[in-house]
Every structure is written in structure tokens, then in C-alpha cells.
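Colleague: fold the following.
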Amino acid sequence: MLDFVSPENHQPLTPAADGSALVRADGVRYPIHDGIPDFVPASGSEEPPHGNQDFYRTRAQEYDLGNSVMFRMLLAEEEPVREDFAASLLLRPGARVLEIGCGTCRDTVHLLRRDATVYAGDLSHEMLAIGKQRLQDARADFSRARLFRGDAMRLPFPDGFFDAAFHFGGLNLFPDIAGALKEMARVVKPGGRVVAGDESVGPWLADTEFAKILKNSNPLFAHVAPLDKIPVNARDVSCRWVLSGSFYLISFEVGAGEPQLDLDVEFPGWRGGSHRTRYFGRLDGVSPQLRETIVKQAAAEGMSIVAWLEKTLRKATETG
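Modeller: Below is the predicted model of the structure:
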């Protein structure tokens, strides 16, 4: 329990004396129900910025049946597919893994089989209760499972806490997909992996009857893989389509900030210069006639435009 932090300010938490809650230094309490800490605000206080709680509360009982139907419909065997999902995280023995939107823990079982400690969270009490029973029925190593109720937009973990993070099956319903992926990346250490996927018929299948049938039954299949929502610190990004091309699976390694460039590499050719001079050293424009004169003069002297301009302007400023 001491691994969790406040989802609002990432401050440490301590267990209450009676074990009923995790407590922040300022007295804010996060209750524990049936061994599962709850980081979602209670009714009447600030709610997470979406209504998925109600959606999944009503769906908890039919969720498992719906999953089974989906795999049968797509002529796929569920267990090998979910095992492939777990393998895509490239986990090493003893890894620490986050699963958000774990539902009834159908993927959690496979993550635990990879000798990982798994922190599995969901918005729904009902989903987590069913998931807890599934882990017990599967005789999974429950000592390496940490269930929690939480919001993907405000994860109760410090920066870089996990080796990997995983989500499958609910991303299309997130109100802020970019924010959720950024939050997943925040809690994964540099070099760790994030894998996330959901419904989206592959673009090469867009005009097929296969796609039209799926979208007719479930409009979520019309969603587009959110490649534009991936955080800027993502590296080694890939996107593949699984389950006959009906679901995307985005995968990336967590890096630091934007990609880097060597800004001072000089370009060959008539224009010359570097990224630094071309981007940061830009001046206001000149007339087309003067530009043509400069190009000709630089060529006559065997220089690039940038080198000629720097020489000429430096000379003018020194003599001025």
C-alpha cells in the first residue's frame, strides 16, 4: 500500500491505524474497500472529468460475456491474443507493470504469468470485484497483484515508478486520450514501454463489408488510431492492427522531452548553413531582385548563400 501516492499532488500516503484508508499529510483520506484502495472522489465531491463510471457500473455483469462474444465473432482465440499483448511489453522478470482500465482482469492474469508485479486499476468497483475473483480462480500469484480504483487521468503513482504500462479496450471512451497517454508515460521510467489499444478498423479495410458490418453493430470501430495523441517523449513508436485488423495496438518507449538534433551540422550545396542558422538566424526578407543578386554573387565567390551573407553582414557591422 505504501507504493501509492496522492493522485492530486503525488505526495506520499500512510495507512490509517485501523487499515480503513490511506491518508495524506493534510488529512485527505482514500478509503480501502475489501483490500482495494479507492482514489476516485466520492459522490458529491469533485468527480473525474467523464461519465464512464456509470457506463461500466451497469456493464460489469455483461462485460465478460461481451468479451467472449467479440473474440468468437472475430474468429480469434482469446488466450493466445492476450498472451501476445503481454509479450509486447517486453517485460523482464521482476518488472513492475501498470494496467489501467483493467476491467475484470482478463489481461491481468497474463501479465502476472510473466513474473511481474502488476498494479491493475479501473474506475468501476464492480469490475474490480469480478476481476479479483478471476485472479483467485485462476490461482494467479495474488501476492504480486495490486488492485486499485482510480482514474487514468490522475494516477496515484510517482514519476517513473513502472517498467511498463498497458491498456486495452477502453481508450476510445477516454475524454482526453492525449492526456491519458501522457499520464501513462509519466509513471513509466525512461526506456520502459507503453502499449495501448482499442477498436479501429484498419484504414486499408475502410471500404470493405467487414468494416461496414462492424461499424453498424458498434460505432466505436469507426474510431481512428490516435497517433496524433502520442506524447512527444515517445520513442520507437509502432502501431499494428490485431484481431483481423479491427483493433489497433500502439506501442512506444518512454524517452525524455522532444527528440534532439545536432543544430550545427553544416549542409553542403549552394544554400549552406545549418539548422541553427536557418531556423534561429532568420532575418526579414529582401526583394526578389536582391535575393537573385546575392545568389549570383555567392556562387561567383564559390560560397554558400549563408556563408556569403555571414561574411558580408559581419564586415558591414564591424566597419559600421
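Colleague: alpha carbons of stretch 247-260, in CSV - could you do that?
Modeller: In CSV, the C-alpha atoms belonging to stretch 247-260 read as follows (Å, rounded to 0.1, in the frame of the first residue of the first chain):
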residue,chain,number,x,y,z
PHE,A,247,-8.2,-3.1,-33.2
TYR,A,248,-5.1,-1.0,-33.1
LEU,A,249,-2.2,-1.6,-30.7
ILE,A,250,0.1,1.4,-30.2
SER,A,251,3.5,0.8,-28.6
PHE,A,252,6.3,3.2,-27.7
GLU,A,253,9.3,3.6,-25.5
VAL,A,254,9.4,6.4,-23.0
GLY,A,255,12.1,9.0,-23.6
ALA,A,256,12.8,12.5,-22.3
GLY,A,257,11.3,15.5,-23.9
GLU,A,258,11.3,16.1,-27.7
PRO,A,259,13.8,14.3,-29.9
GLN,A,260,17.2,16.0,-30.1
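Colleague: what's the model's confidence in it, averaged?
Modeller: Averaged across stretch 247-260, the pLDDT comes to 98.
Colleague: residues contacting the one helix or strand residue 198 maps to, please?
Modeller: Using DSSP states H and E, residue 198 maps to strand 188-199. For strand 188-199, contacts defined as C-beta atoms under 8 Å, 6 or more residues apart in numbering pick out 85, 88-90, 98, 160-172, 181, 184-185, 218, 220-221, 223, 234, 242, 246-256. C-beta coordinates here come from the backbone N, C-alpha and C atoms, glycine included.
Colleague: switch the cut-off to 7 Å
Modeller: The list of residues contacting strand 188-199 from outside it, by C-beta atoms under 7 Å, 6 or more residues apart in numbering, reads 88-90, 160, 162-172, 181, 184-185, 218, 220-221, 223, 246-256.
Colleague: the residues you listed in strands, which ones?
Modeller: Members of the contacts of strand 188-199 lying in strands (criterion: DSSP state E): 162-168, 247-254.
Colleague: strands of the stretch 201-320 of the chain, start to end?
Modeller: Using DSSP state E, counting those that start in this stretch, the strands of the stretch 201-320 of the chain run over 234-242, 247-254.
Colleague: give me whichever of these is most buried.
Modeller: Highest mean neighbour count among the strands of the stretch 201-320 of the chain (mean count of other C-beta atoms under 10 Å): strand 247-254, with a mean of 22.
Colleague: got the angle for that strand vs strand 162-168?
Modeller: 160 degrees (axes from the mean of the first three to the mean of the last three C-alpha atoms, to 10 degrees).
Colleague: next SSE after strand 247-254?
Modeller: helix 275.
Colleague: name the helices or strands packed onto that next one?
Modeller: Contacting helix 275 under the criterion 3 or more C-beta pairs under 7 Å, 6 or more residues apart in numbering; DSSP states H and E is no other helix or strand.
Colleague: just the mean pLDDT for it, thanks.
Modeller: 96.
Colleague: buried set for the stretch of helix or strand residue 80 belongs to?
Modeller: Assessed by DSSP H and E, residue 80 sits inside helix 78-87. In terms of neighbour count (16 or more other C-beta atoms under 10 Å), helix 78-87 has its buried residues at 81-83, 85-86.
Colleague: any chance of those residues in CSV, plus distance to residue 36 and pLDDT?
Modeller: Below are the buried residues of helix 78-87 laid out as CSV (distance: C-beta to C-beta, whole Å; pLDDT from 0 to 100):
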residue, distance to residue 36, pLDDT
81, 27, 98
82, 22, 97
83, 26, 97
85, 23, 98
86, 22, 97
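Colleague: alright, calling it a day.
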